[in-house]
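Asks: turn this into a model:
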Amino acid sequence: MNADRIVPRLWQGSAPKGRIPFDVIVLTAEEYQPPSHCFGQSEVVRAPNQDTESLSLGQIRGAVRAAKTVADRWKHGKRIVVTCRQGRNRSGLVVALALHLIYGVDGKTAAQIVRERRRGADALTNEAFVGFLERVPGRR
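Replies: Alright, predicted model coming up:
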């Protein structure tokens, strides 16, 4: 697995194989949803999504649901990795939304953090995902 630390205890990466050193793994690639037993004792969160040119309400709901789970587990000290096939867009969307929930930053800032810290992966290049994130306001 190719993964980068985005913030302490939160990583973003490509499709994992075998045992992983994380408490929680989030699988966002619709085409990659192996059985939970493939990941040992890790909690598996499923948020299957497609890297498409538009973002449906169902896709948004799934990403937000996964981000809420990530934020909750993160606040309880868990080590989390959010994955998709290449570790770029679907995982980036969930990670950015989780950063918004954890730190209260707006979506544009969260997307920028993901892009800066997901080295060499061209993270968050999907214009529909970025457009959605840019409309997420920060918390006060």
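
Asks: for Ala29, give its distance to Gly58.
Replies: According to CB to CB, to the nearest Å, Ala29 stands 16 Å off from Gly58. C-beta: built from backbone N, CA, C; applies to glycine.

Asks: who's more crowded, the two?
Replies: Set Ala29 next to Gly58 and count neighbours by other CB atoms under 10 Å: Ala29 wins out with 21 against 9.

Asks: what's that one sitting at in phi/psi?
Replies: phi -80, psi 120 (degrees, to the nearest 10).

Asks: for it, give me its contacts.
Replies: Under the criterion of CB atoms under 8 Å, 6 or more residues apart in numbering, the neighbours of Ala29 are Ala15, Pro48, Asn49, Thr83, Cys84, Arg85, Arg90.

Asks: could you report the neighbour count for Arg117?
Replies: Residues near Arg117, counting by other CB under 10 Å: 17.

Asks: no wait, Val82
Replies: Neighbourhood size, Val82 [other CB under 10 Å]: 32.

Asks: pLDDT score for it?
Replies: For Val82, the pLDDT comes out at 98.

Asks: packing partners for the helix or strand hosting Arg115?
Replies: Assigned by DSSP states H and E, Arg115 belongs to helix 107-117. On a contact count with 3 or more CB pairs under 8 Å, 6 or more residues apart in numbering; DSSP states H and E, helix 107-117 meets strand 3-7, helix 90-103, helix 127-134.

Asks: so which of the ones you listed is nearest Glu53?
Replies: helix 127-134 (5.9 Å; CB to CB).

Asks: run the angle between that closest one and helix 107-117 for me.
Replies: On the basis of axes from the mean of the first three to the mean of the last three CA atoms, to 10 degrees, helix 127-134 is oriented at 120 degrees to helix 107-117.

Asks: what is helix 127-134 packed up against?
Replies: Packing contacts for helix 127-134, counted by 3+ CB pairs under 8 Å, 6+ apart, involve helix 90-103, helix 107-117.

Asks: and the ones you listed: which comes nearest Asp23?
Replies: helix 90-103 (14.6 Å).

Asks: so for the closest one, what gets flagged as buried?
Replies: Under the neighbour-count criterion of 16 or more other CB atoms under 10 Å, helix 90-103 has 90-102 buried.
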